[in-house]
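sequence? don't have it. structure:
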């Protein structure tokens, strides 16, 4: 279980998850996933904000999983949080995405906030069972935080603000104009209904339809000093949040692959006959079907092992706190980039080729097998996978690490 760190260490999470922790939260996540699976396709087609689904996560304790136990949180580790994301993605990748962003956004309490205010932020998050949405999209840096008296005014538009319209608070990154923090980029946390915040509801993608990822417009929004969480900078420990979100994505894709394969197996097992040219009696006995399934199961198992290793490594690096060096942080990012590469490719292939063994009837709209492909195809465009391969290749060949950014 996690413990609040000494101020000098800065790390809120200590050590790594034990088997009991992983087993407990896995069981919780599996129960939630089973409930989400009952109507995932219908909710996807409704294309509405996942407000009821977030209540399910709150009631299960999943939103406070990473919060310190001494303040009433779950006291779990990042490795466990990544596993929870994976399990939920098997059933509903949209809801899993919102939870993943919540873990990352609220994780900035530990990575970006001054230790003197961390306890207050943790206590508010735990007591309110807050889900943290965001408006941080680094490819859309349009938010301005203008000094105004003893506070600020926030203005601008942010696209792809996952969880913002459905959550309790919005984490926004904005460039400061004027005042003592002029020229810096600050993270601010605003309650969902703050005057001047408008949720545009323009998320209409092929997949991840319930991820509440629409645009948010900020118009003369009052920001108090107490709303400022911390600075967005390039100090190694504070930037661990980026490898963290990349590993969350890798587990999201892995979960989609696992869910797609499981759904496909159910369909194959229920098919009464084999292809007329086959010498097998049923599709499940057909050697060609077994070959494809064996390939998928083997490749998924390999990605699982890589993702689990990276999850444990992430906690080990976090445990180092302020002692984390740029090189140590960069090497962690490389290991996570490997997960991102293989989880993307395996996830897309499984979600696509599963139709080869389930047959033409599985393409019916009411079967919903397309949900897995639509979800991973949509989210895997988040950042080009070729650049992750480049990161790994540059390190492997030349020992070169990429510059720190919100993608690397």
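Great, that's in hand. It should be emphasised that the depicted structure is a prediction, and the values quoted were computed from it without experimental measurement.

Which of the helices or strands spans residue 120?
Assigned by DSSP states H and E, residue 120 belongs to helix 115-128.

Also residue 156?
Following DSSP H and E, one finds residue 156 within strand 151-158.

sorry, back to before: what helices and strands are in contact with the helix holding residue 120?
Secondary-structure packing of helix 115-128 (3 or more CB pairs under 8 Å, 6 or more residues apart in numbering; DSSP states H and E): helix 93-111. (Each C-beta comes from the backbone N, C-alpha and C, glycine too.)

And the strands in the stretch 1-150 of the chain, which stretches?
Ranges of strands in the stretch 1-150 of the chain, per DSSP state E, counting those that start in this stretch, are 132-135, 144-148.

Rebuild these as a markdown table, extending it with mean pLDDT and distance to residue 39.
Listed next are the strands of the stretch 1-150 of the chain as a markdown table, based on pLDDT from 0 to 100; distance: least, CB to CB, whole Å:
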| stretch | mean pLDDT | distance to residue 39 |
| --- | --- | --- |
| strand 132-135 | 94 | 23 |
| strand 144-148 | 95 | 41 |
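
Give the buried residues for the strand holding residue 156.
By 16 or more other CB atoms under 10 Å, the buried positions in strand 151-158 come out as 151, 152, 153, 154, 155, 156, 157, 158.

which pair in these spans the largest distance?
Farthest pair in the buried residues of strand 151-158 (CB to CB) is 151 and 157. Separation: 21.1 Å.

Same question for stretch 247-263: list its buried residues.
Buried-residue list, stretch 247-263, by 16+ other CB under 10 Å: 247-261, 263.

now stretch 313-331
For stretch 313-331, burial by neighbour count (16+ other CB under 10 Å) applies to 313-315, 317-321, 324, 328-331.

closest to residue 18 among these?
Closest to residue 18 out of the buried residues of stretch 313-331 is residue 315 (11.3 Å), distances taken as CB to CB.

Provide a list of residues in contact with that closest one.
13, 15, 16, 17, 77, 78, 79 (CB atoms under 8 Å, 6 or more residues apart in numbering).

out of these, which is most surrounded?
residue 77 (28 neighbours; other CB atoms under 10 Å).

Tell me which residues touch it, please.
Shown in contact with residue 77 (CB under 8 Å, 6+ apart): 2, 13, 15, 16, 17, 21, 66, 315.

do that again at 7 Å, thanks
2, 13, 16, 17, 21, 315 (CB atoms under 7 Å, 6 or more residues apart in numbering).

What segments of the stretch 151-300 of the chain are strands?
For the stretch 151-300 of the chain, the strands defined by DSSP E, counting those that start in this stretch occupy 151-158, 169-177, 185-191, 197-199, 216-223, 228-231.

Any stretches of the chain with poor pLDDT?
1-11, 140-141 (pLDDT under 70).

coming back round to it: between the strands of the stretch 1-150 of the chain, which gets nearest to residue 233?
Residue 233 lies closest to strand 144-148 among these, at 15.2 Å (CB to CB).

Would you list the strands that the closest one pairs with, along with their directions?
Take DSSP bridges as the rule and strand 144-148 pairs in its sheet with strand 151-158 (antiparallel), strand 169-177 (parallel).

Include distance to residue 300 when you put those strands into TSV, please.
TSV is the format used below for these (distance: least, CB to CB, whole Å):
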stretch	distance to residue 300
strand 151-158	35
strand 169-177	33
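
These: which one's closest to residue 117?
Closest among the strands paired with strand 144-148, once you apply CB to CB, is strand 169-177, at 14.8 Å.

and residue 328, that's in a helix?
Yes: assigned with DSSP: H, G, I helix; E, B strand; the rest coil, residue 328 falls within a helix.

OK, contacts around it?
residue 317.

go on, residue 209?
Residue 209 neighbours (CB under 7 Å, 6+ apart): 44, 47, 94.

Grab the nearest non-local neighbour of the residue nearest the centre of the chain.
Geometric centre of the chain, nearest residue: residue 100, 3.0 Å, by CA atoms, centre = their mean. Closest residue to residue 100 apart from its sequence neighbours, by CB to CB, 6 or more residues apart in numbering: residue 248 at 4.0 Å.

distance of residue 280 from residue 359?
Per CB to CB, to the nearest Å, residue 280 is found 14 Å from residue 359.

Could you pull up the residues touching the residue nearest to the centre of the chain?
Counting by CB under 7 Å, 6+ apart, residue 100 touches 85, 248, 252.
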